[in-house]
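1. structure for the following, please:
(2 chains)
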Amino acid sequence: MTISIFQAVLLGIFACLASLPGMGGTTIGNYTLGRPLVGGLVVGIILGNLQLGIIVGAAIQVVYIALVTPGGTVSADVRAVTYIGIPLAMLSISAQGLDPSSDAATGLAAALGAAVGTLGTVLFYGTATLNLVWQGIGWKAVEGGRWDNIKKTIPMVETVLPWVSHILFSFIPTVVICMAGPTMVDLMKEYLPMDGLAMKTLFTVGSLLPAVGVGILCKQVITKPLDWVTFAVGFLLAAVMGCNLIASAIIAVFFALINFEIQSVKTNRPALAAQAASVDDDDEEDI
Amino acid sequence: MAELKKTSESARKASFLHWIYGNLTCFSQEHMQTFGYLWAMLPIVDELYESDDEKVEALRTYTTFFNTEPQIGTMVVGLTVGLEEARANGEPMDAETINGIRAGLMGPLAGLGDSIIVGTFIPILLGIALGLSTGGNPLGPIFYIVAWNVLMYFGMKFAYNQGYSLGGSAVEALVGPQSAALRSSIVMVGTMVIGAVAATWINISTSFAVEFGADSSFALQNTLDGIMPKALNFFFVWLCWWLMTKKKISPTIVMLILVIVALVGCITIPGINTSIFNPGLSY
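-> Purely as a prediction, here's the structure:
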């Protein structure tokens, strides 16, 4: 498996669209094209191996299942994870002849994705910094106070000029790294034997990393110690009772419905108590 | 008295589309979503005011810093369109008031959007999509693309129109008493699904085993399975959560810690010839 210049260019364009901040917009760009699972489909189509693309995308997706970027602080860059990590992982898996659906293949994919994702934060800061220049052009127009000029400049600042940032920090890095990919993978195979400490560590890291993604999710939803019980119920549904995610979600919705009823009653209680008091019936207040 | 000024349907549509596409296209660390906001207000201001000077003056209101979760933040844009209309009709609505409302909303809505949309809704959709994509099935990603974009487009349109027509009370509705029950229930579904994800999509096992003789051996994984199946998954998720929440360590550093854990765990312990982790692979 190799990547032609034409395929690398396509990957580069998708990297521009899928970045945060990206040219595809937030909803379609970052949150759709930038998700590794969707990227797996796109890269799979571009490289002509749909099944492998989606398996690799899914493995990397688990690590980044809840990539929240509050206030624009990034821990991993989606353009690099998705449009550099997935193609490289696909190349390595097919070069090493691994079974795509094996734990080894998904572990390798997760580790590679995380490695380029962390490097990719450099690309994020590069893009955001160069955008300062285009915003400067916008400020000049707003301060100038000529409406026809403002009306022309702001759409330019929003839709045209940031492409320059992306050619430098999304397009070129993606094309260069993806083109160098096959040789990089060959070198890796030669210098890093599978039973050596380096490769063992890489695969072990791949199996540990999804815990970070899930840990970030827990950070969002677990606020008090007893929330771990709710978490544990979901965990045991899958680990002990063998429920898949859809079945677990339906059971979760059932519990949430009960919770909603209880919470609603709680918030309505002052009104109920007032009603009970107005009919002057002491017995009903204890309900 | 002249007729009341009102924005046209098409101007509001243009403003909506400008925002949902452009909220982050020209992002910088200094002025995050400010230019997206300016672009979204451009068609509104252009239509509501007669002279160029008035237009420039009105648009300058929106040059203050703005940043929130952009998708739920659509509501703020709709809201300011309503406020701008009131101002164009001579209501006592000055730039300070508009910016006060904007600044008051962007923080809470960012927290709400990050936890409910990005932290809960996307992972639930992705969890279902991951389940559907087992073995490389394209149904998974296609489900996510369609479900997410359709729900988000109509959700954001709803938020924009709600913000526009209801004004300040639209946002109060989201933080009112009944919505607290709704939010805690949504978070509850999220927590349980995340628990199931932790058991389904993580595979951590130990290879630590010692042979004492021909008939006697000890395998740590069997002992752990006796305590709770997939106990190591649970432990490592808890560990990552603890490091990030209680020790305030960034996700990048947590990843580095796990690299060190993996490296140390893969070193063969001399004497008993075993290691804590061993993927047991060959080319």
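2. please enumerate the strands of chain B.
-> B:209-211, B:217-219 (DSSP state E).
3. quick one: closest of those to chain A.
-> Closest to chain A of these, according to Cβ to the nearest Cβ: strand B:209-211, at 15.9 Å. Placement of C-beta: from N, CA and C, glycine included.
4. and that closest one, average pLDDT?
-> Strand B:209-211 shows a mean pLDDT of 86.
5. quick one: contacts for residue B:95?
-> Residues near residue B:95 by Cβ atoms under 8 Å, 6 or more residues apart in numbering or on different chains: B:60-61.
6. sorry, back to before: any chance of the strands of chain B in JSON lines, with mean neighbour count and distance to chain A too?
-> Formatted as JSON lines, the strands of chain B follow (neighbours: other Cβ atoms under 10 Å in any protein chain shown; distance: least, Cβ to the nearest Cβ, whole Å):
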{"stretch": "strand B:209-211", "mean neighbour count": "14", "distance to chain A": "16"}
{"stretch": "strand B:217-219", "mean neighbour count": "13", "distance to chain A": "18"}
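7. skipping its backbone neighbours, what lies nearest residue A:7 in space?
-> In this structure, residue A:7 finds its nearest non-sequential neighbour in residue A:46, 5.4 Å apart by Cβ to Cβ, 6 or more residues apart in numbering or on different chains.
8. just the buried residues of the strand or helix carrying that neighbour, please?
-> Using DSSP states H and E, the element containing residue A:46 is helix A:36-47. Residues A:36-44, A:46-47 are the ones in helix A:36-47 that count as buried (16 or more other Cβ atoms under 10 Å in any protein chain shown).
9. and stretch A:232-247, by the same measure?
-> Judged by neighbour count using 16+ other Cβ under 10 Å, the buried positions of stretch A:232-247 are A:232-239, A:243, A:245.
10. closest to chain B among those?
-> Distance to chain B across the buried residues of stretch A:232-247 (Cβ to the nearest Cβ) is lowest for residue A:234, with 2.6 Å.
11. confirm for me that that closest one is in contact with residue B:190.
-> No: Residue A:234 lies out of contact with residue B:190 (Cβ atoms under 8 Å); the separation is 9.4 Å.
12. contacting residues around residue 207?
-> Answering for chain A, as no chain was given. Each residue near residue A:207 by Cβ under 8 Å, 6+ apart is listed here: A:103, A:107, A:110, B:202-204, B:279.
13. my question was about chain B
-> The contact partners of residue B:207, taken as Cβ under 8 Å, 6+ apart, are B:221, B:274-278, B:280.
14. what's the burial count for residue 212?
-> Reading this off chain A. Look at residue A:212: counted by other Cβ atoms under 10 Å in any protein chain shown, it has 27 neighbours.
15. not what I meant, chain B
-> 9.
16. what of residue A:261?
-> Residue A:261: 12 neighbours (other Cβ under 10 Å).
17. and it, what pLDDT?
-> 90.
18. now it: how far from residue B:85?
-> According to Cβ to Cβ, to the nearest Å, residue A:261 and residue B:85 sit 40 Å apart.
19. same check on residue A:51?
-> 53 Å.
20. more neighbours: which of those two?
-> Higher neighbour count among residue A:51 and residue B:85: residue B:85, with 19 against 16, using other Cβ under 10 Å.
21. show me how the chain divides into domains.
-> If you meant another chain, say so; for now it's chain A. Per automatic domain parsing, the domain ranges recorded for chain A read A:5-221, A:229-286.
22. that's the wrong chain, I wanted chain B
-> B:9-195, B:203-266.
23. can you get me the start-to-end distance on the last one?
-> Okay, so that is domain B:203-266. Domain B:203-266 has its terminal residues 16 Å apart, counting by Cα to Cα, to the nearest Å.
24. and that domain, how far from the chain's centre?
-> 29 Å (Cα atoms, centre = their mean, to the nearest Å).
25. how about the helices of the stretch 151-283 of chain B, start to end?
-> Assigned by DSSP state H, counting those that start in this stretch, the helices in the stretch 151-283 of chain B fall at B:168-174, B:177-200, B:220-227, B:231-245, B:251-266.
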